[in-house]
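Participant: sequence unavailable; structure follows:
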């Protein structure tokens, strides 16, 4: 393993995709909302009309962003004032230094000062600048007929809030106290879901630090770009080890397994993507990757996936040789 890491150290990475299936049991990571006292789980419909269970890409991206933020705080990586507090608006809630009126300069400032804005993107209203995220997630959807969902009834009891005996003979007072006793217990329904889930995610490492208003590098230092690249890969590792989301205080997922492929493009070619809803996705992806010169690393468990991601952390994010990078 050490020899392989030394061999790869310094190699460039253009794009990385992680495609596979995960088995999650007894979770409730993402829901549609609550109607009355019933929480409805996410339901998605596939092209053939099949209804299946799902966890949104927004949820997965939030998990990755959170683990990115944790690392930035721990390792003293740059964060803007909004991202210091993990505000979802990011650069739009930290406009100091962005009001020059020149979009390329505002973009350079926003990217260079904050690893979270750089990796996960933002939209600033004034001046109007938009950065597409370097990290992309699709829906995590259960494979057809390989999921189960249940609704469980629970009761909330508040000790000491039951009605006390009436101290007077007045009927209104009795009724009021009886109503208080009724509200002391609340019944509610919560979903529990289990299944084999297909996931797909793309990391565009080449775009780290790139100002796409004028196509210069806002982060010119290669060491700084490598730190941000390694941070994103570590956040991927933690996302798969510890998927977070709704109701994890009482429905922390039982992670039973994970398998799939990591596709790595060393040169400026897009990695192929194919849904793991197909049973033959690995064979087809290997075939497509071979035609494009893209590396394929297979994994059968979380340990092997972790090893692959740790190995890739020693590489450098791809860099184009751009002219006039110091120009505003």
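Facilitator: Noted; the coordinates are in hand. This structure is a prediction, so every number in the text was calculated from the model and none was measured. Numbering: from 1, shown residues only.

Participant: need the contact partners of the host helix or strand of residue 32.
Facilitator: Residue 32 is part of strand 31-35 when elements are defined by DSSP states H and E. Residues outside strand 31-35 that contact it (CB atoms under 8 Å, 6 or more residues apart in numbering): 39, 40, 41, 42, 43, 191, 246, 247. The C-beta positions use only the backbone N, C-alpha and C, and glycine is treated the same way.

Participant: how far off centre is whatever helix or strand comes next after that strand?
Facilitator: With elements assigned by DSSP H and E, the helix or strand that comes after strand 31-35 is strand 38-41. Centroid separation between strand 38-41 and its chain, computed with CA atoms, centre = their mean, to the nearest Å, is 22 Å.

Participant: of the contacts of strand 31-35, just the buried ones, PyMOL syntax please.
Facilitator: Selecting the buried subset of these in PyMOL, with 16 or more other CB atoms under 10 Å as the burial test, is done by:
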select buried, resi 39+41+42+191+246+247
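
Participant: what about the stretch 1-150 of the chain, any weak spots by pLDDT?
Facilitator: 1-9, 35, 38, 100-101 (pLDDT under 70).

Participant: where do the helices of it begin and end?
Facilitator: Here the stretch 1-150 of the chain has its helices, by DSSP state H, counting those that start in this stretch, at 2-8, 57-74, 81-84, 103-112, 115-120.

Participant: the second one packs against which elements?
Facilitator: Contacts defined by 3 or more CB pairs under 8 Å, 6 or more residues apart in numbering; DSSP states H and E place helix 57-74 against helix 115-120, strand 135-137, helix 222-241.

Participant: spatially central residue in the protein, please.
Facilitator: Residue closest to the average C-alpha location in the chain (CA atoms, centre = their mean): residue 61, at 2.2 Å.

Participant: who's in contact with it?
Facilitator: 120, 133, 135, 136, 137.

Participant: try 10 Å this time
Facilitator: By CB atoms under 10 Å, 6 or more residues apart in numbering, the contact set of residue 61 is 120, 121, 133, 135, 136, 137, 201, 239.

Participant: same question, residue 260
Facilitator: 17-22, 198-200, 240, 276, 281-282, 285, 297-300, 305.

Participant: cutoff 7 Å now
Facilitator: Applying CB atoms under 7 Å, 6 or more residues apart in numbering, one finds that residue 260 lies in contact with 18, 19, 20, 21, 276, 299.
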